[in-house]
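# from the sequence below, what's the structure:
(one chain, ligands or ions: 4)
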Amino acid sequence: MSGKLTVIVGPMYSGKTTELLSYMEIYKLGRKKTLLFKPALDVRYGTSVVKTHSGLEAQAVPVEFTKDMLPYLREKVDAVFIDEVQFFDKDLVKLVRKLLDENVNVFCAGLDMTFKQNPFETTMLLLALANEVTKKKAVCHVCGEYNATLTYKISDSDSEIDVGGKEKYIAVCRDCYNRLVGSTYGASSGGSDENR
Ligand code: ADP
Ligand code: TMP
Ligand code: MG
Ligand code: ZN
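Ligands and ions are numbered 1, 2, ... in the order given. Below is the predicted model:
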């Protein structure tokens, strides 16, 4: 039987990494073999650690490119977990397909969109391949409702690849996002390219 791909997406703070780690815990409780990868680029909490915004953490293999995962996959595992898939090259999709064909279950978590509402391509391709998709939401930083589907950048940098946390990004609902983008304060740091 082939493996299954589960993809968890949503804005920042929506619990993607928490859900990924809770799936991994189930495998660990069952004494199954697992591997957890993260992009080497994300050094927020140290190079070999995946950490949630609430403080849960797990040891992970940091890799720069998809091909760097290959040596770790020579030995058969039951499931592969990958956090922050938005930062990986598109070869990840090919590798995931191969793992599924080899009966390995794959769990991916990542941002669906940048703070400018542009889709992250690797995440988008994985969503197309997925057997199961979970789209999560966060609490809107502005209005306090549990309906934040977007991430808004509060720092000055315009870069869509920019590792960081609360000092740079907030989770917001669409109405609050549009209000922030429409305001003088927001005009420089949010909004999709089409709205510029
Ligand atoms: P993600 O990987 O999607 O960024 P995490 O799994 O790392 O999310 O963190 C989720 C945790 O973040 C929540 O359990 C909560 O403790 C915390 N958190 C901080 N800000 C928010 C917010 N605005 N909405 C929801 N959870 C938040
Ligand atoms: P998180 O979803 O686990 O909170 O982590 C998202 C990471 O992605 C975090 O390091 C910030 C980064 N990021 C970007 O590089 N570009 C973006 O447009 C957004 C929204 C986040
Ligand atoms: Mg995360
Ligand atoms: Zn809101």
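
# looking at this, A109 is in a strand?
Yes: the assignment for A109, made by DSSP: H, G, I helix; E, B strand; the rest coil, places it in a strand.

# from the contact counts, what lies against the biggest helix by length in the chain?
Scanning the chain for the helix with the most residues, using DSSP state H, yields helix 16-29. Helices and strands touching helix 16-29, by 3 or more CB pairs under 8 Å, 6 or more residues apart in numbering; DSSP states H and E, are strand 5-10, strand 34-39, strand 49-51, strand 79-82, strand 105-111. Every C-beta, even on glycine, is put in place using the N, C-alpha and C of the backbone.

# between these, which gets nearest to ligand 4?
Ligand 4 lies closest to strand 5-10 among the helices and strands packed on helix 16-29, at 15.0 Å (CB to the ion).

# looking at it, K51 is touching L21, isn't it?
No: the pair K51 / L21 is not scored as a contact, 9.5 Å apart, by CB atoms under 8 Å.

# ok, these two, which is more surrounded?
For K51 versus L21, neighbours defined as other CB atoms under 10 Å are more numerous around L21 (22 against 18).

# am I right that the more buried one is in contact with G55?
No: counting by CB under 8 Å, L21 sits too far from G55 to count as a contact (11.4 Å).

# pLDDT value on G110, please?
For G110, the pLDDT comes out at 98.
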